[in-house]
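**Q** Predicted model follows, preceded by the sequence.
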Amino acid sequence: MIAAELRKEWVAALRSGRYKQGKGALHAVTSTGERVYCPWGVACEIAMEYLPLLRKEEEVQIATGISVKGYSYDGFSGYPPNSVVHLFGFLSAGTIISGNDLDDWSFERTAQVIESER
């Protein structure tokens, strides 16, 4: 599958309502038991289907201030592994991470940014 097709799948997932948005971690579980994802965490979940060697591991006490449990992908919990970034056709994850964590982008805003990337 090419990056453009994967981006469409990612955008659809962000807009689907299946994922609750979080900050500071790819995928975390809050103290109330709620699962939250940053946009790249959603991408990592999709990438699991296309990167069979991508490892998802449970971690405890991710330093987000809200989670008691979280997950890492190939050992990364706050930033996606390069394999995922490149799978989706990006050179860097920084813009989307900053938009989510610092600029309070909604998943809809992030989806628009992903769609505008060539």
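**A** In hand now; what should we look at?
**Q** remind me which residues of the chain are low pLDDT?
**A** Across the chain, the ranges flagged by pLDDT under 70 are 1, 60-68, 118.
**Q** 80 instead, please
**A** Within the chain, the set of residues satisfying pLDDT under 80 comprises 1, 59-68, 118.
**Q** Could you pull out the strands in it for me?
**A** 27-30, 35-37, 56-60, 67-73 (DSSP state E).
**Q** could you dump those strands to TSV with mean neighbour count and distance to M48?
**A** The C-beta positions use only the backbone N, C-alpha and C, and glycine is treated the same way. Listed next are the strands of the chain as TSV, based on neighbours: other C-beta atoms under 10 Å; distance: least, C-beta to C-beta, whole Å:
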stretch	mean neighbour count	distance to M48
strand 27-30	22	11
strand 35-37	21	13
strand 56-60	12	6
strand 67-73	21	8
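**Q** Out of those, flag the one nearest F90.
**A** Ranking these by proximity to F90 (C-beta to C-beta) places strand 67-73 first, at 15.2 Å.
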